[in-house]
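Engineer: Need coordinates for the following:
(2 chains)
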Amino acid sequence: MSKEIHFKIKRQDGPNATAYWEEFKMPYSSGHNVVSSLMYLREHPVNIHGKKVRPVVWESNCMEEVCGACSMLINNVPRQACAALIDELEQPIVLEPLSKFPLIRDLMVDRSKMFNALLKVKAWVPMDGSWDIHRHAPLISSGKQSIRYLFSRCMTCGCCMEACPQFRIDSKFIGPATLGQVDLHNSHPTGEYAKDDRLHAIMGDGGITDCGNAQNCIQVCPKDIPLTDAIARLGRQTTAQWFRDMFVR
Amino acid sequence: MATKPRVIVIGGGLGGLWATMRVVERGFHVDLFSLFPVKRSHSCCAQGGINAVLDVKGQNDSIWHHIVDTIKGGDYLANQPPIKNLCEQAPGVIRTYDRMGVTFSRTPEGIMDQRLFGGVKNRRTAFAGATTGQQLLYSSDEQVRSHEANGMVTKYECWDFLSLVLDNQGICRGVTAMDLSNMQVRAFRADAVIVATGGLALIYGRSTMSTNSTGAPAARVYQQGAKFANGEFIQFHPTGMPGHDKNRLMSEACRGEGGRIWVPRKEGDTRDPLEIPEDERFYFLEEWYPAYGNTVPRDVASRAICRVVRHMGLGLGGKDLVYLDLTHLPREFLETRLGGILDMYRTFFGEDPCERPMQIFPATHYSMGGLWVNYEKDEQTGGMARIHPKNHATSIPGLYAAGECDFAYHGANRLGANSLLSASFSGQIAGDAAVAYVKGLAKGNGELPESAYEAERERQEQINQAIISSNSGENPFALHRELGDLMREDVFVERSNEGLDKALDGIGKLKERARRISLDDTGNWANQSLSWARQVQDMIVLAEVIAKGARLRDECRGSHYKAEFELKIPEGKFEGDPEYEEYKAKWKANNEKWLKHTIATHSKDGPQIEYKPVDLSVLPPEKPRDYR
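Structural biologist: Now for the predicted structure:
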């Protein structure tokens, strides 16, 4: 067991600055993950040349892989940094920001593109209002709930977008996670009312036809969401919708 | 110069999102501020479930039961009329979540399932696997996004709320906030502000909370005049998984679904747990509390664990650890009901809870105390008036507080699965109250001159500049670490006046050093060190409020415990026995003295403490809590 933890971190001071690499070494202790290590480093921001530098900037919040904040490339794999245990990583541990989103600084990127996609596909169940109407939504079977539950865990973390070859920083593709959310809301008894709207939203530019079936998304999803199942379902449904549209128009 | 009324909501967790929905539904625009995209709020960490009396388990559960459980669970310290509304409207909250599409776990019939939780005898906790908070938060986030699509909500994500803009009568007229990308401070007009910024456990360093749950916004409005109540009542969740960076929560649902807490009977027993036979295991909660067993309320469980480990020396390997055992339950059952947290334990600890007992210890988890908030009592119903500008109003006119950052509902100890309920419910109440207030306002925000906003904005810029240009040498990250160590040492599950005096002294020194913070990053782009430095200064302010309240309260109530003031329940004696009646008389006498709210008001010399009576009109305290 090495007595130190060695990091190689790709840094950049701002969107228009030049990227550069910086290396750090810190004392080993079992149980560290990448975020807890970055926390140590920000308190002791001295690089391997003994130079004091500005602390590395990154996003994190929950520390238990349920919020989606700490997405980054760790040894080339997009994943949540809080769940990346040092003991399981080959050293030097290479940290890079997600490459498919505009860089803000160091390991922090701007992922608002994903939230804009959720707006575009109306990823919500239409509800009259949050006041009580004294009745529940229609019953949902346990089997159906189990599948919907899987998709309801999507953290909008961006790992699937990073891994997807069709999702690029300059492309319109809404990406795997967004498609998963379309499927989730289309499968709810009232969500279904807006099914046509959502299908149309993914039938245009940047929609489902941009998916090239690489299946990288399910390899990296931290929540093991069956995205490709959803994409297959939506593929069939959008084809059927296209036919229906031909007759209605 | 009349302008259209605007409401600002600070914090986009369940409390903030429900407040936003309600304000928008009443026709007013919301500016919603958050440190990060709102769906990353700490609400997503809640695991076990949300309480409401649906009575779908054939147990003849009733709303009255829920009210009584909540009041008693809180050791009678909460104002009771709002609790009545909370429990009465809980089923409506759940129905709304159902309509939002929350993926609640279902029974074979397709009905929303409910499970057992701590401190209660009836199954009234609805859940979505073991990740309920995540699903509730995401559905609420989706609804607010639909309002964003209609232009009724403007989000300011990755902004740090800094202060309120108060007019010369002390009325809240807006806020200042810092853009966390370019570190610039801006002022925003509003007719009402709702603060829903969650908990403050980062004051304890390691806790179950997210790293942004520092309580800084509450500290900021407290320093501007909002009173803070019952700060000393911090919940220590009995089953936390100790770690470097965080004590990850193992939900109370583990115990609700049949998990058993135990230690080897023999001190220093080093055998593998799977080798220890049943009769050599000390299932101490089951032995000491036969009626509730492993599902005693959290404060009772945490104290029991500390007693077994620190006073009886039975911790695993001599360390601060006990077993939480699920191995006797079928794997499929566990994966369905507790899947998310089993994954978490497997990921971060490397063992499978279906095969081997988990190792846990109490962890700082929730703040029952918070910003003092008012309510309007409805004399007819005995509860809170449904819509009234006094509901959830802080002591600053125009400022409301909802969710964990307020002090309402939970008294001295919170029952499990009541927080997801109170956060959602209080957000709705605060939203309605803020709208009622705005409608009744004589002067709109457009009447306060720009110079007032500019003055506050400038003041905040200068605070930033002072920190950036300082080279006094105190490292904000180190200061935070020391603060956490201090709080976990002397303001934890078991407290003493000696320890609290030491804590207050230590906090005083940290306060002094925090004035001399300087940064390793003095840039003006995405400078996390700057915003963290300010949060540390604010955390120290609330640490002093917590420790001072604890020091002055010489009794044991709920989560606040001082051995020297313990009133012990006589062993083996119950109602009717003379020893028990004597205990009850002492308990009542203590209530005469201490059943009151701690109210802290900020001053240059530290928190000024006074006390306010508790509204006990729904269930006067006749019976002490007894979970045996």
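Engineer: how about stretch B:180-192 as CSV, C-alpha atoms only?
Structural biologist: Extracted C-alpha coordinates of stretch B:180-192, given in CSV (Å, rounded to 0.1, in the frame of the first residue of the first chain):
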residue,chain,number,x,y,z
LEU,B,180,-20.5,32.6,-7.6
SER,B,181,-19.0,32.8,-11.1
ASN,B,182,-17.7,36.4,-11.1
MET,B,183,-18.0,37.0,-7.3
GLN,B,184,-20.0,40.2,-8.0
VAL,B,185,-22.6,41.3,-5.5
ARG,B,186,-26.0,42.4,-6.7
ALA,B,187,-29.1,43.7,-4.9
PHE,B,188,-32.6,42.4,-5.7
ARG,B,189,-35.9,44.0,-4.8
ALA,B,190,-38.7,42.0,-3.3
ASP,B,191,-41.9,42.5,-1.3
ALA,B,192,-41.3,39.4,0.7
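Engineer: So the residue in the stretch 1-150 of chain B that chain A sits nearest to: helix, strand or coil?
Structural biologist: Across the stretch 1-150 of chain B, no residue is closer to chain A than B:Gly92, which sits at 3.1 Å (CB to the nearest CB). Bear in mind the C-beta positions are built from the backbone N, C-alpha and C, glycine included. Under the three-state scheme (DSSP: H, G, I helix; E, B strand; the rest coil), B:Gly92 adopts helix.
Engineer: Please name the spatially closest residue to it (chain neighbours excluded).
Structural biologist: Spatial nearest neighbour of B:Gly92, excluding adjacent residues (CB to CB, 6 or more residues apart in numbering or on different chains): A:Asp132 at 3.1 Å.
Engineer: what residues are up against that neighbour?
Structural biologist: Counting by CB atoms under 8 Å, 6 or more residues apart in numbering or on different chains, A:Asp132 makes contact with B:89, B:91-93, B:95-96.
Engineer: do that again at 10 Å, thanks
Structural biologist: Listed by CB atoms under 10 Å, 6 or more residues apart in numbering or on different chains, the contact set of A:Asp132 reads B:89, B:91-96, B:99, B:428.
Engineer: if we can go back for a sec, ok, now how distant is the residue of the stretch 1-150 of chain B closest to chain A from A:Arg135?
Structural biologist: Per CB to CB, to the nearest Å, B:Gly92 is found 10 Å from A:Arg135.
Engineer: Same drill for the two, tell me which one is more crowded.
Structural biologist: The neighbour count for B:Gly92 versus A:Arg135, taken as other CB atoms under 10 Å in any protein chain shown, is higher for B:Gly92 (17 against 9).
Engineer: Let me know whether the more buried one touches B:Ile63 as I believe.
Structural biologist: No: taking contacts as CB atoms under 10 Å, B:Gly92 lies outside contact range of B:Ile63: 11.5 Å.
Engineer: Overlap of the contact sets of these two?
Structural biologist: Common neighbours of B:Gly92 and B:Ile63 (criterion: CB under 10 Å, 6+ apart): B:Ala52.
Engineer: biggest helix in chain A, by residue count?
Structural biologist: In terms of residue count, the longest helix belonging to chain A (DSSP state H) is helix A:227-248.
Engineer: elements contacting that one?
Structural biologist: On a contact count with 3 or more CB pairs under 10 Å, 6 or more residues apart in numbering or on different chains; DSSP states H and E, helix A:227-248 meets helix A:142-151, helix A:175-186, helix A:195-201, helix A:216-220.
Engineer: And chain B, split by domain according to the record?
Structural biologist: According to automatic domain parsing, chain B comprises the domains B:237-364, B:463-613.
Engineer: Quick check: which of the ones you listed has the most neighbours on average?
Structural biologist: Neighbour counts (mean count of other CB atoms under 10 Å in any protein chain shown) averaged over each of the domains of chain B peak at domain B:237-364, with a mean of 19.
Engineer: Check the offset of it from the chain's centre.
Structural biologist: Centroid displacement of domain B:237-364 relative to its chain, using CA atoms, centre = their mean, to the nearest Å, is 23 Å.
Engineer: Same check on stretch B:53-70?
Structural biologist: With CA atoms, centre = their mean as the basis, stretch B:53-70 stands 23 Å off its chain's centre.
Engineer: Could you pull up the residues touching residue 121?
Structural biologist: You didn't pick a chain, so chain A it is. Shown in contact with A:Val121 (CB under 10 Å, 6+ apart): A:174, A:178-179, A:181-182, A:185-186, A:194, A:197-202, A:207.
Engineer: could you do chain B instead?
Structural biologist: Residues near B:Lys121 by CB under 10 Å, 6+ apart: B:59, B:61, B:65, B:69, B:291-292, B:295.
Engineer: Just flag the most distant two among those.
Structural biologist: By the measure CB to CB, B:Asp61 and B:Ala291 form the most distant pair in those, at 17.2 Å.
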